[in-house]
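*Asks:* sharing a sequence plus its predicted fold:
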Amino acid sequence: MLMTDWGKSIGKNSVPLSEYPRPQFVRDSYMCLNGQWQCEFSQSAELPQNYSCEILVPFSPETPLSGVGRTLRPGEYLHYRRTFYIDNDFNKGRVFIHFDAVDQIAQIYVNSQLVGSHKGGFTPFCIEITDYITFGENVLNVVVLDYSDTKEYSKGKQKIKRGGIWYSAQSGIWQSVWLESTPEKFLERVKITPDFDNETVSFDFFGTNEVITRIYDGGELIAETSERVIKIPDFKAWSPESPFLYNVEFLAHGEKIKSYFAMRKFSVGTDSGGVKRLFLNNKPYFHNGLLDQGYYPDGYLTPPSAQAMENDVKTAKEMGFNMLRKHIKIEPLLWYHYCDVYGIIVWQDMVNGGGNYGLEINVLPFIGINLDDKKYKTFKRTDPEARHLYYDELDEMMTHLYNCPSIALWVPFNEGWGQFDSAKAYNYIKSKDKTRIVDTASGWHDRGVSDVISEHIYFTPIKVKKGNRAYVLSEFGGYSQKIKGHTFNNKMFGYKIYRSETTLTKAYKRLYEKTIIPQIAHGLSATVYTQLTDVEDELNGLLTYDRKVCKIPLSVLKEINKNVKL
């Protein structure tokens, strides 16, 4: 069994991922509910009388770290149970329970009473449980139903019959579960919007307007006001080269809530040569990135620890990259925090749904056929409920991640996977967030409504096609090498296969020096190499799946990346 070093250090009585999970909005009230729970598989949604096994939350039962090793089948119910304690010191007036991700449909019970439910396996939800708890011991039950890839709901890269670019199906709780308490009247959340051109930052408050805002430059207080729009003259800009963050405190109804923000601007513009480019802080800026699936051999979608997430971000930075494309997954907020701190730009994908994909993704794009995504049957999007749920989850994702300064670009659809009404999706995203770029249809089936020309090229020659939008190579590469003792199984998927570090390094160097770097001057504005790590059958990572081997010397990657810029 392949394990990361972080996973190896987790014992049965551990409390994994116990760090405060929301660095962008920190309360002093926090109770982590990760750790050992009871669980049971059943054909009924009725709460069971007995639980036959234990599970280490937040790891899905299918994962090695869960301690279960059992797959939840479509139509089957997964039941969780644990107790928690509430005392007078914790309860400030209202108590909320947070689930940062439960795949796919969840019902929540406190002391045998149904308190709420949620559909969508990748977005967080929060339920007030004030009226259902008692002082002392309380019982929490979670009932999960997961159809995986048998329905058109969002599923990501999970597949019951895994293989190739599709990964092991998993289910249930896979991100942190935690409690917080607030006063009866409280600040629910804040929307933070920097305005680079006008030297201001604005704060939209939800739940109350009675808020005092303090802004700090390091340890120096530079603003204290009840105003919602605050001027920051001569501000320090955020960039991968200088990822400066302003700390902020919100004082509301007896609470002091901590956050941060960055003064930065992402946009598309025209350079001095008349070429459309991605811009950072009003200057042309090349996004040099990696595809990042965010999978681990021991936790699958769930990172084994905060240190594992931080290591991925730091390693990409040490390789000389300035961007990660978070592919078909929404990470814990800590991951985005590390990108903010270390200076890694993020392209954020929406999680894909739809039915079983066919010619629309694996044949027609390669012969130049661009399909109309308003035809739902063509793209396996015939279920109206699933299409509606897509927008619910899109809204939840954007609200959840809006205050992460590192996110530069939203990707609503990838390679036609469950794509539908992409022009509508573009306009919806822009109505919600005017501060970021949108790659509407990454790879193919571009319907003409997008901020970029977005191409995936693995097999044909890479040649930039200038147009009225910035040209981004949003996937390419996929060079593979198997490292004995560091693979998930004996299978090997890759677009080009190399047998040694020497041949892989030579091919990678040639790809960048002969193809990528020369085309930057001709309009290439961003690259996303496939990929950061191996994942299951895919052995095309720069790192092995267990993160123990870098297949190309770090010094070589850093030297090449010095020239991948404008």
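*Replies:* Okay, I see it.
*Asks:* quick check, Gly289 in a strand?
*Replies:* Yes: under DSSP: H, G, I helix; E, B strand; the rest coil, Gly289 falls within a strand.
*Asks:* Thr530 is in contact with that one, correct?
*Replies:* No: the pair Gly289 and Thr530 does not pass the contact test of C-beta atoms under 8 Å, sitting 10.5 Å apart. C-beta here means a position set from N, CA and C on the backbone, and glycine is covered the same way.
*Asks:* quick one: mean pLDDT for stretch 447-463?
*Replies:* Computed over stretch 447-463, the mean pLDDT rounds to 94.
*Asks:* repeat for stretch 77-94
*Replies:* The model assigns stretch 77-94 a mean pLDDT of 96.
*Asks:* that stretch spans what distance, first to last residue?
*Replies:* With C-alpha to C-alpha, to the nearest Å applied, stretch 77-94 spans 31 Å between its terminal residues.
*Asks:* what are the boundaries of the helices in the stretch 251-400 of the chain?
*Replies:* For the stretch 251-400 of the chain, the helices defined by DSSP state H, counting those that start in this stretch cover 306-319, 333-342, 359-362, 384-401.
*Asks:* quick one, the longest one and helix 333-342 angle?
*Replies:* Between the axes of helix 384-401 and helix 333-342, defined by axes from the mean of the first three to the mean of the last three C-alpha atoms, to 10 degrees, the angle is 40 degrees.
*Asks:* which residues does the most centrally placed residue in the chain contact?
*Replies:* For the chain, the residue nearest the mean C-alpha position is Ile330 (2.6 Å; C-alpha atoms, centre = their mean). By C-beta atoms under 8 Å, 6 or more residues apart in numbering, the contact set of Ile330 is Ala101, Phe122, Thr123, Gln348, Val351, Met397, His400, Leu401.
*Asks:* what's the most distant pair in these?
*Replies:* The most widely separated members of the contacts of Ile330, counting by C-beta to C-beta, are Ala101 and Gln348 (15.0 Å).
*Asks:* ok, back up a step: hmm, which of the contacts of Ile330 are the buried ones?
*Replies:* For the contacts of Ile330, a neighbour count by 16 or more other C-beta atoms under 10 Å gives the buried set as Ala101, Phe122, Thr123, Gln348, Val351, Met397, His400, Leu401.
*Asks:* want to throw those residues into TSV with pLDDT?
*Replies:* Below are those laid out as TSV (pLDDT from 0 to 100):
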residue	pLDDT
Ala101	98
Phe122	98
Thr123	98
Gln348	98
Val351	98
Met397	98
His400	98
Leu401	98
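*Asks:* closest to Thr208 among those residues?
*Replies:* Closest approach between the buried ones among the contacts of Ile330 and Thr208, by C-beta to C-beta: His400, at 20.4 Å.
*Asks:* that closest one against Phe125, yeah?
*Replies:* No: the pair His400 / Phe125 is not scored as a contact, 10.0 Å apart, by C-beta under 8 Å.
*Asks:* before we move on, the earlier item: could I get the helices of the stretch 251-400 of the chain as CSV with distance to Phe203?
*Replies:* Putting these into CSV (distance: least, C-beta to C-beta, whole Å) gives the following:
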stretch, distance to Phe203
helix 306-319, 27
helix 333-342, 18
helix 359-362, 42
helix 384-401, 15
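*Asks:* pull the helix or strand with minimum mean pLDDT from this protein.
*Replies:* Least confident helix or strand of the chain, by mean pLDDT, DSSP states H and E, is helix 359-362 with a mean of 84.
*Asks:* show me what counts as buried in it.
*Replies:* For helix 359-362, burial by neighbour count (16+ other C-beta under 10 Å) applies to Glu360, Ile361.
*Asks:* C-alpha coordinates for that helix, PDB please?
*Replies:* The C-alpha coordinates for helix 359-362 follow below in PDB (Å, rounded to 0.1, in the frame of the first residue of the first chain):
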ATOM      1  CA  LEU A 359     -17.700  11.100 -28.600                       C
ATOM      2  CA  GLU A 360     -18.100  14.700 -27.400                       C
ATOM      3  CA  ILE A 361     -14.900  14.500 -25.400                       C
ATOM      4  CA  ASN A 362     -12.700  11.700 -26.800                       C
END
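*Asks:* what lies in contact with it?
*Replies:* For helix 359-362, contacts defined as C-beta under 8 Å, 6+ apart pick out Leu371, Thr378, Phe379, Lys380, Glu415, Gly416, Trp417, His445.
*Asks:* tell me where the stretch 51-200 of the chain has strands.
*Replies:* For the stretch 51-200 of the chain, the strands defined by DSSP state E, counting those that start in this stretch cover 53-57, 77-86, 94-99, 102-103, 105-110, 113-119, 125-128, 136-145, 158-159, 167-168, 172-173, 177-182, 189-195, 200-206.
*Asks:* how close does the residue lying closest to Ile133 once chain neighbours are set aside get to Ser52?
*Replies:* Spatial nearest neighbour of Ile133, chain neighbours left out: Ile86 (5.3 Å); criterion: C-beta to C-beta, 6 or more residues apart in numbering. Distance, Ile86 to Ser52, using C-beta to C-beta, to the nearest Å: 28 Å.
*Asks:* so between those two, which is more surrounded?
*Replies:* Using other C-beta atoms under 10 Å, the more surrounded residue of Ile86 and Ser52 is Ile86, with 18 against 10.
*Asks:* so what's the closest residue to Leu33 other than its chain neighbours up against?
*Replies:* Nearest residue to Leu33, sequence neighbours excluded (C-beta to C-beta, 6+ apart): Val177, at 4.2 Å. Val177 is in contact with Cys32, Leu33, Asn34, Val57, Pro58, Ile97, His98, Phe99, Asp100, counting by C-beta under 8 Å, 6+ apart.
*Asks:* quick one: which of those is nearest Glu385?
*Replies:* Lowest distance from Glu385 to these (C-beta to C-beta) belongs to Phe99, with 21.3 Å.
*Asks:* what sits against that closest one?
*Replies:* Contact analysis of Phe99 by C-beta under 8 Å, 6+ apart lists Ala106, Ile108, His118, Pro124, Phe125, Cys126, Val142, Ile173, Gln175, Val177.
*Asks:* again, only using 10 Å
*Replies:* Contact partners of Phe99, counting by C-beta atoms under 10 Å, 6 or more residues apart in numbering, are 33, 58, 106, 108, 116, 118, 123-127, 142, 173-178.
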